[in-house]
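Visitor: quick one: sequence and predicted model below, then my questions.
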2 protein chains.
Amino acid sequence: MPHSPRYAAPELSDRVLRLLGALVREYIEHGEPVSSQWLAGHGGCAVSSATVRNVLARLEEQGYVKQPHTSAGRVPTDLGYRQYVDGLVQGRRPSRSAPEVEARLRQGGTVPEVLAHASHELTRQTQHVGFAWAPAAERLLQRIEFVPLDAGRVLVVVVAMNGEVAHKVVPFAGPATREQLIEAANYLTAQYGALSLTDIRARLLEEMQAERALYDELFARTLALAQETLASLPGESHVFVSGAPTIADLGLSPEALPTLRALLAMLEEKDRLSRLLTAYLEDSGLTIVIGTEHLSPDLQSLSLVLTTCSDGARIGIVGILGPTRMRYSRAIAAVDSVSHAMSRVFAS
Amino acid sequence: MPHSPRYAAPELSDRVLRLLGALVREYIEHGEPVSSQWLAGHGGCAVSSATVRNVLARLEEQGYVKQPHTSAGRVPTDLGYRQYVDGLVQGRRPSRSAPEVEARLRQGGTVPEVLAHASHELTRQTQHVGFAWAPAAERLLQRIEFVPLDAGRVLVVVVAMNGEVAHKVVPFAGPATREQLIEAANYLTAQYGALSLTDIRARLLEEMQAERALYDELFARTLALAQETLASLPGESHVFVSGAPTIADLGLSPEALPTLRALLAMLEEKDRLSRLLTAYLEDSGLTIVIGTEHLSPDLQSLSLVLTTCSDGARIGIVGILGPTRMRYSRAIAAVDSVSHAMSRVFAS
DNA sequence: CTTAGCACTCAACGGGCGAGACTGCTAACA
DNA sequence: TGTTAGCAGTCTCGCCCGTTGAGTGCTAAG
């Protein structure tokens, strides 16, 4: 809902739209309030500055622009940015394939590596914080292995269809031979192969409830083992973030400090970002969240440009996080191309 | 060498030392230049401000303090901090055991988890960037496992003595049954168990050179597999860093910007920090690096307080990275206690 | 509806001034 | 010889204030 403000916005005439677009572009480019005079000259309309002033006055009433102080030029508000990016999104051409991007992503074979490369690529292209996210819940089990370590511990290795591997050391009391463990692992693999890890978790719980006494004790214990591993698997969902150094460019005004802190906290606790992202997961395709449309008050001077990508089963999110005053056109192009490349990489 | 400036420093009299110490303490506490008047009152010496001025003039000549401008109080230089922390280190009491810290570290069983907790604990105690490092080269092999994934790929799992686990998916052309792979893994485990991974790497290379033709082809290929895995093992050395949000407290003066950028880059590419740390690995015990004693020019306004910790075989480094003007006494206490706790956790 | 013109507003800049904080220096003193 | 009181000097900081210039809103004419 936040990224669809048209509910109350009256239609803007073509000329007004052109002026607003020119204003936003110019402000994004140079970061300084745009004057009516400049717009009269470079706004794409053959009108005088006085006329532009009338237009701007109305735009200000309607909340699209504001002036930092009297006798300053206009600056776009979040609503103004919204209008602008809606125009951009409307007119964007379908992302052309970028073989060099795809090649970069393919450098790493595993899912985490691809995600890492994707986020780096986004940072490289936009000079902002880039991220790439993939839900691990969709991973499908290929096989599970138990490796006895010492008396009290077993290493559980879970291999997913996509080649992703997770492991966990789990306490395991009681005797068990290597062969028994292998057998149990084989049984579990046969039983649950090709199911998603979340499904398996649910089924394991059921099975542990229902048939607790039916099988031998060893089997019950391995079930518990598998359950415990799946429940606490590290990297349940992967988020890769890059471009931390670029946030130094956000500026160092005192009011930017809470933003800085919030951003750094997000980089450190990636779960936060993960949570933020999943909120936008259902909107398929390109999503742009601008400033105050955000949830967190500390992130109000930032914008989020992201898109989902999929090859059918697997879905992921790639995007960037940057200042509200960012080059949205470039951001959209970058996000499009990386998303496109990632979809292709995952598809193969 | 950088942290031992006494080469040219003349001995300072007891009174001078006391005044310098009071000055540094006061400046650390309040961040403002300290005046002779204040020192006369609170410096621990019953002298007039005029006398203090004489002392300060000499300290300034010798480079221990400086004034931001004429008619301002004195501020410690890096050399002044050095003198101060040397005094602190001299008089520090052997770190008392802190059971609650140890308990926190024990929450996670694996080495990475302990390191993560250690860095968090350091951040918690000091409000600065905390880090914990452990060299993986010292890991001793407990066992190696090969898990066939599909036609062309094998999952190699390496388990170290300490329970640390690393895995890697490696291309593996040609046919091999599960049993053959298990046999090969058992052989390698028997052969190289309890050796350090670096040793094993070297030996594998030798063996591959020397006996290339002696064994059957499958064995040669598994050797190559093991070699490749060990060579590119992710997490060769672990560094955990926490406290990114605290760097927002460094201030936002324009001259702090390159520092901010360098710090963020370090958080992102932990290898950099890793390299920085290994330079101090040989100095056992507490090491404090202050400002310009650093290698990188962008880190000159920062200080590093770190200590090695060991239980004999394993060694690690824990420490913090903060502004030159930090509470060194608190930093030392924190680093001591965490190092102590980590040594104990690893010892058990 | 557009435009030229005009009066108005306000941030930014810079100089000047007074207050205040400390210092360095000097001369007297133990 | 080391310490101290006193004093003059220096520099920052905050303040006021006038000037400048950019850019606006308004009005009246086209």
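Guide: Sure thing, it's come through. Keep in mind that this is a model prediction, so the values were computed, not measured.

Visitor: only C-alpha atoms for contact and neighbour calcs from this point on.
Guide: OK.

Visitor: wait, residue A:148 touches residue A:179, no?
Guide: No: using CA atoms under 8 Å as the test, residue A:148 is too far from residue A:179 to be in contact (10.0 Å).

Visitor: which SS state does the closest residue to residue A:108 other than its chain neighbours fall under?
Guide: Distances taken as CA to CA, 6 or more residues apart in numbering or on different chains put residue A:114 closest to residue A:108, at 5.7 Å, once the chain neighbours are dropped. What DSSP: H, G, I helix; E, B strand; the rest coil gives for residue A:114 is helix.

Visitor: now residue A:114: how far from DNA strand C?
Guide: 45 Å (CA to the nearest atom of the strand, to the nearest Å).

Visitor: ok, that residue - contacts?
Guide: For residue A:114, the contact set (CA atoms under 8 Å, 6 or more residues apart in numbering or on different chains) comprises A:105, A:106, A:107, A:108, A:342.

Visitor: residue A:243 now?
Guide: Residue A:243 neighbours (CA under 8 Å, 6+ apart): A:120, A:123, A:127, A:128, A:129, A:130, B:268.

Visitor: so which residues on chain A come close to DNA strand D?
Guide: Listed as neighbours of DNA strand D in chain A under the rule CA under 7 Å from any atom of the strand: A:33-37, A:50, A:53-54, A:56-57, A:70-74.

Visitor: near DNA strand C too, which of those?
Guide: Within the residues of chain A next to DNA strand D, those near DNA strand C by CA under 7 Å from any atom of the strand are A:50, A:54, A:70, A:71.

Visitor: tell me which element the first one falls in.
Guide: Per DSSP states H and E: residue A:50 is located in helix A:49-61.

Visitor: what residues does that helix touch?
Guide: Against helix A:49-61 from outside (CA under 8 Å, 6+ apart): A:16, A:36, A:37, A:38, A:39, A:40, A:65, A:66, A:74.

Visitor: would you mind listing the buried residues in it?
Guide: By neighbour count on 16 or more other CA atoms under 10 Å in any protein chain shown, the buried set for helix A:49-61 is A:49, A:52, A:53, A:55, A:56, A:59, A:60.

Visitor: that helix: what's the following helix or strand?
Guide: Next element after helix A:49-61 (DSSP H and E): strand A:65-66.

Visitor: which strands or helices does that following strand pack on?
Guide: helix A:49-61, strand A:75-76 (3 or more CA pairs under 8 Å, 6 or more residues apart in numbering or on different chains; DSSP states H and E).

Visitor: need the contact partners of whatever helix or strand comes next after the shortest one.
Guide: The first helix or strand that comes after strand A:75-76 along the chain, using DSSP H and E, is helix A:78-90. For helix A:78-90, the external contacting residues (CA under 8 Å, 6+ apart) are A:3, A:5, A:20-21, A:24, A:63-65, A:288, A:290-292, A:324, A:328-329.

Visitor: rerun at 6 Å
Guide: Helix A:78-90 is contacted from outside by A:21, A:64, using CA atoms under 6 Å, 6 or more residues apart in numbering or on different chains.

Visitor: by contact count, what packs against whichever helix or strand comes after it?
Guide: Sequence order places helix A:99-106 as the next helix or strand after helix A:78-90, per DSSP H and E. Applying 3 or more CA pairs under 6 Å, 6 or more residues apart in numbering or on different chains; DSSP states H and E, we find helix A:99-106 packed against no helix or strand.
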